Structures are given as structure tokens and as C-alpha cells.
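Q: here you go, sequence then predicted model.
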Amino acid sequence: MLDSVQREKQIEQSAIYGIQKSHMKKRRNNIYIALGDADFEWSLKEVWEFERMWNEGKSLIEIAEHFGRTHEEVAVLIMDRALKGKIKPRPYGIWGERN
């Protein structure tokens, strides 16, 4: 019978295996995760608010400041929503409306 420490380790290894199997495209050694400190999770409410701001012509910088996010986090959301056809290209791109 496994003691509690061994059981916890077994559960942890099982979870790691499941995550790797589900999310890693290729098996790699010595991996580096680009932007590993970034937060790419958004609530649906935030996504809808982002889309509203994008359609109003707000810039990447204005959107990042509004959400308290980095420019990189917002840029990834822009790419995601554009690839899914949820937002359209704008004349001034990520820089928003020019006055």
C-alpha cells in the first residue's frame, strides 16, 4: 500500500502526463516556454469588452491599460480573435483610430 506522499507523487505524475498528452504538440527535452509568465486567460465578459473596444477603434495600448494587462497578452488576444473572424482588420491596425 502506498503512503500519502507516494500517492500524492503518483497523482502529480498522472496529472503531468495528462496535460502533456492533451496540450503538447511534440515531445521535447529541455523545453523553453515563450511568454511563460504571461496570462492568456480571459473571461468571456473581458473578451466581449475587448471586442467592443476594438470596434470602437481603441489602440492596443489603451486596451492593455484598461484591463491592466501587458501589450503581449492583448496582442495574443487580437491574433486569436482575428484568426477566428471575430474582429476585422482596421486601417490603423493595432494603433487604433488616428486623430
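A: Cool, the structure landed. Residues are numbered from 1 along each chain as shown.

Q: only C-alpha atoms for contact and neighbour calcs from this point on.
A: OK.

Q: what mean pLDDT does whichever strand or helix holds residue 73 have?
A: Following DSSP states H and E, one finds residue 73 within helix 71-83. Mean pLDDT, helix 71-83: 95.

Q: just checking, what packs against that helix?
A: Secondary-structure packing of helix 71-83 (3 or more Cα pairs under 8 Å, 6 or more residues apart in numbering; DSSP states H and E): helix 60-67.

Q: now do the helix it packs on: everything it contacts.
A: 50, 53, 70, 71, 73, 74, 75, 94, 95, 96 (Cα atoms under 8 Å, 6 or more residues apart in numbering).

Q: element containing the first one?
A: Under DSSP H and E, the secondary-structure element containing residue 50 is helix 44-55.

Q: what's that helix in contact with?
A: With Cα under 8 Å, 6+ apart as the test, helix 44-55 has contacts from 63, 86, 87, 96.

Q: the first one and residue 3, how far apart?
A: So that's residue 63. Residue 63 is 50 Å from residue 3, where distance means Cα to Cα, to the nearest Å.

Q: of those two, which one has the most company?
A: Ranked by neighbour count (other Cα atoms under 10 Å), residue 63 and residue 3 place residue 63 first, with 23 against 7.

Q: quick check: which element contains the residue nearest the centre of the chain?
A: Centroid-nearest residue in the chain, with Cα atoms, centre = their mean: residue 40, separated by 2.2 Å. Assigned by DSSP H and E, residue 40 belongs to no helix or strand.
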